[in-house]
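1. No sequence on hand, only this structure:
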C-alpha cells in the first residue's frame, strides 16, 4: 500500500491546532502537540527540535538518526521524515521557521547556506550543559512573550528572539564547518549555488538579470538557473526577485526614501517598471504597499 505524503508547513500546523504560537513566519510547539508521523512527511520549513527527555529515532532523507536528552535535531526545508519513533518519556520543544523567512535569512547572511548544508548532513547536534541552559532560557523568554503579548512591536520582538536562537545555533555549528568542508565533497552545483547567494547579497549593480550574475560566475544563464532549481527548488530569477522583494519591503517599511529613490537604488529603469514589479509581487502599488506595511506595524503596538 502506497502511503500518502504529508507536506508539513506552518499553515498545516495552524490548521490542525498544533501550535502554541505562530505569526506566519515562526511556529512554536511543545512535545504534547507533536503530530504522529505515520506517513511520509515532507517538512517545508526549518525545524529545530530540542529534546528535553527521552529518545527519538527517525529516517531523515533516508538516513536513520537517533537523538536523546540535550540534543538538537535540525531539519532544513525539504527534509523527508519516515519511521519516526519516540520513547515513552519523550519530551521536546519545537521551533519552526517558514521557508519564506529562511530565504530572507539566506539573503541577509551568506554563511547560512553553509550552515544549512551542514545540518542536512549532520542533523543531530549535542548541546553541552551550559549551551542547553542557554537554549532553555531563550525558549522560556519566547514562552513568556507568548503569554504576555501586550506592548509595542510584538511580532518584531518574537522574530528577533528567534533569530537570536538561530544565530546561537549558527555559532555552535560554525567551528565545525571547516572540518566538514575538509571531509565532505560538495557537488559542483552546491558550490555554484553558494557562490550565487554570496554574490546576490554583495553584488552592487543596476543589472539584476540572470545573465549578469551568470557572467560573473562564468557560467551560462540556463546552467545557473538549472543548478539553483536543483539545489534549492527555486530558479535563479526567483531568487533575484525574492531578494528584490525583500529589499523593497525593508526600504518601504523602515526608510523615508521616496518611491523614485527606492526604484533608483535597486536598479529599476524607471518608476513605472518598479510599480509593475511591486504590483505583480504584492498585489498593490508601492504607495499602497507602504501604507499596508505601516498599518501592520501599528497593529502590533
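-> Received the coordinates, thanks. The model shown is predicted, which means the values in this text are computed figures rather than measured ones.
2. Please, where are all the helices along the stretch 151-300 of the chain?
-> Counting by DSSP state H, counting those that start in this stretch, the stretch 151-300 of the chain has helices at residues 154-183, 188-202, 210-217, 221-232, 236-254, 259-265, 271-282, 286-299.
3. List just the one of these that sits closest to residue 82.
-> Nearest of the helices of the stretch 151-300 of the chain to residue 82, taken as C-beta to C-beta: helix 221-232 at 22.5 Å. No exception for glycine: its C-beta is placed from N, CA and C like everyone else's.
4. and the helices of the stretch 151-300 of the chain as a markdown table, adding distance to residue 120?
-> A markdown table is the format used below for the helices of the stretch 151-300 of the chain (distance: least, C-beta to C-beta, whole Å):
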| stretch | distance to residue 120 |
| --- | --- |
| helix 154-183 | 11 |
| helix 188-202 | 10 |
| helix 210-217 | 23 |
| helix 221-232 | 11 |
| helix 236-254 | 18 |
| helix 259-265 | 35 |
| helix 271-282 | 29 |
| helix 286-299 | 33 |
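5. pLDDT weak spots in this protein?
-> Where the chain drops to pLDDT under 70, the residues are 1-4, 31-38, 99-100, 102-114, 117, 177-186, 201-206, 296-301.
6. repeat that with 50
-> Where the chain drops to pLDDT under 50, the residues are 1-3, 33, 107, 181-185, 301.
7. Next, format the helices of the stretch 151-300 of the chain as CSV and append mean neighbour count.
-> CSV is the format used below for those (neighbours: other C-beta atoms under 10 Å):
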stretch, mean neighbour count
helix 154-183, 15
helix 188-202, 17
helix 210-217, 17
helix 221-232, 18
helix 236-254, 18
helix 259-265, 17
helix 271-282, 16
helix 286-299, 14
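8. what's the closest of those helices to residue 92?
-> For residue 92, the closest of these is helix 154-183, at 14.8 Å, according to C-beta to C-beta.
9. Can you give the distance of that closest one from its chain's centre?
-> Taking the mean of its C-alpha atoms, helix 154-183 sits 11 Å from the chain's own mean (C-alpha atoms, centre = their mean, to the nearest Å).
10. angle of the helix or strand containing residue 138 against helix 154-183?
-> Here residue 138 sits within helix 129-147, counting by DSSP states H and E. Inter-element angle recorded for helix 129-147 and helix 154-183: 150 degrees (by axes from the mean of the first three to the mean of the last three C-alpha atoms, to 10 degrees).
11. List the buried residues in helix 129-147.
-> Within helix 129-147, the residues that count as buried by 16 or more other C-beta atoms under 10 Å are 131, 132, 135, 138, 139, 142, 145.
12. So which of the residues you listed is the closest to residue 67?
-> Nearest to residue 67, judged by C-beta to C-beta, of those is residue 132 at 13.2 Å.
13. Quick check: the closest one vs residue 69, distance?
-> According to C-beta to C-beta, to the nearest Å, residue 132 stands 9 Å off from residue 69.
14. helices or strands next to the helix holding residue 138 in the packing?
-> strand 26-30, strand 45-53, strand 91-98, helix 154-183 (3 or more C-beta pairs under 8 Å, 6 or more residues apart in numbering; DSSP states H and E).
15. just the angle between that helix and strand 45-53, please?
-> Helix 129-147 runs at 110 degrees relative to strand 45-53, counting by the same axes, to 10 degrees.
16. follow-up on the earlier one: now the buried residues of helix 129-147 as a markdown table including distance to residue 88?
-> Formatted as a markdown table, these follow (distance: C-beta to C-beta, whole Å):
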| residue | distance to residue 88 |
| --- | --- |
| 131 | 27 |
| 132 | 22 |
| 135 | 24 |
| 138 | 27 |
| 139 | 23 |
| 142 | 27 |
| 145 | 32 |
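17. Residue 291: which of those is nearest?
-> residue 145 (27.4 Å).
18. of the helices and strands packed on helix 129-147, which approaches residue 277 most closely?
-> Minimum separation from residue 277 across the helices and strands packed on helix 129-147 (C-beta to C-beta) falls at strand 91-98, 22.5 Å.
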